[in-house]
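> Show me how the following folds:
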Amino acid sequence: MTLDMVCNFRKCRKSLSNQAWVTTCSHAFCIEHGKTEFKRNIDNTLTCPACGNELRDKFDVIQADLRPSETFKSIVLAGMKPDTIMDVAMRAMSFWSYQVEQETLYQESLAKHTREKVQCLEEINTLNTQKLKAELETCKRKISTLQTEFNKKRKHAEELAASLEDKTRKIQKLTFQLEAQKRKDIRVDNFERSSSNQEQCMDISDLVGNRATSEDFVFRPAKDTEDSHRMPTPKTPMFDFRNRKKPQSHFTFRPLPH
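Numbers count the residues shown, from 1 in each chain. You can find the predicted model right below:
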């Protein structure tokens, strides 16, 4: 597999397949950067952008055709001696070898930089992995602690729920007993009121019935008419309460003597 040359300008690295600017210091550049860098000044001196060598002669840098035609191939070295042809070929091979070597060194440098970067990333990844493992272990311990606490809280909540249910049943039972006691008290109160009313009625009837017998009195009718016109001194009362005995003695009718 034949390797293509690339532009030796920094940060270009463009593949050179058709045309290129080449220098006697064995460097090649693309057409765009060659036209920019290799403009002849007043002193007719140029500088290689890759190595900084001065390119004073007009043949120190030329624009080469990397894919020459068959006619060019047959005429370019025609008439030259074999040693000249071999010298030109050796110089061309040396140029190619230098380009391959530079490309190899660049790729090795790029690979080394890539390996260093990968190693640095691996170290960072290892540190991050260790940190994440430590955080994971911490999280696992926290989860275990929280799970234990959750189980305790759930057990306590279940105990509280059972206690609440028991208290609720007791409250319902006490409420039922309170309502029953209220109904009982209402019936007893109503009964006592009715009994009190009956007793009051009986007391009033007894009082009315026994009012006349509460005292012993004597009914004494007045004397004759002629005596009645005289003002007795002292006046004899119509009812005699002198012979009262007991408050509850029976009524006794006693006529006055003539």
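> what pLDDT does the closest residue in space to L77 that isn't next to it in sequence get?
Distance criterion C-beta to C-beta, 6 or more residues apart in numbering; nearest residue to L77, sequence neighbours excluded, is I85 at 5.1 Å. For the C-beta atoms, the positions are set from N, CA and C on the backbone; glycine is no exception. Reported pLDDT at I85 in the predicted model: 91.
> Wait, a strand at I85?
No: residue assignment for I85, taken from DSSP: H, G, I helix; E, B strand; the rest coil, gives helix, which places it outside any strand.
> My read is that it contacts A78, right?
No: look at I85 against A78 with C-beta atoms under 8 Å: they stay out of range, at 9.6 Å.
> Show me the shaky parts of the stretch 151-258 of the chain.
Low-confidence segments of the stretch 151-258 of the chain, defined by pLDDT under 70, are located at 197-258.
> quick one: low-confidence parts of the stretch 1-150 of the chain?
When the per-residue scores of the stretch 1-150 of the chain are filtered using pLDDT under 70, the ranges that remain are 1-3, 40-44.
> Now do the strands in it.
Residue ranges of the strands in the stretch 1-150 of the chain, as given by DSSP state E, counting those that start in this stretch, are 5-6, 15-16, 19-23, 28-29, 46-47, 54-55, 61-65.
> Dump these to a markdown table, plus distance to R141 and mean neighbour count.
Rendered in a markdown table, the data for the strands of the stretch 1-150 of the chain read as follows (distance: least, C-beta to C-beta, whole Å; neighbours: other C-beta atoms under 10 Å):
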| stretch | distance to R141 | mean neighbour count |
| --- | --- | --- |
| strand 5-6 | 57 | 20 |
| strand 15-16 | 58 | 16 |
| strand 19-23 | 66 | 20 |
| strand 28-29 | 64 | 25 |
| strand 46-47 | 67 | 16 |
| strand 54-55 | 72 | 14 |
| strand 61-65 | 72 | 14 |
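> got a list of what the nearest residue to E37 once chain neighbours are set aside touches?
Beyond its immediate neighbours in the sequence, the residue positioned closest to E37 (C-beta to C-beta, 6+ apart) is P49, lying 5.1 Å away. With contact set as C-beta atoms under 8 Å, 6 or more residues apart in numbering, P49 has these partners: 8-10, 27, 29, 33, 37.
> quick one, phi psi at P49?
Torsion angles at P49 (phi, psi; degrees, to the nearest 10) stand at phi -70, psi -20.
> Roughly how far does I31 sit from Q102?
Separation of I31 from Q102 (C-beta to C-beta, to the nearest Å): 20 Å.
> okay, now T138: neighbour count?
The criterion is other C-beta atoms under 10 Å. On that basis, T138 has 10 neighbouring residues.
> same thing with L136?
Under the criterion other C-beta under 10 Å, the count of neighbours that L136 has is 10.
> got a list of what it touches?
Taking C-beta under 8 Å, 6+ apart, we find L136 in contact with no residue.
> picking that back up, I'd like to know which of the strands of the stretch 1-150 of the chain is closest to M90.
Distances from M90 to each of the strands of the stretch 1-150 of the chain were compared by C-beta to C-beta, and the smallest falls on strand 19-23, at 15.9 Å.
> Fine by me, we can end here.
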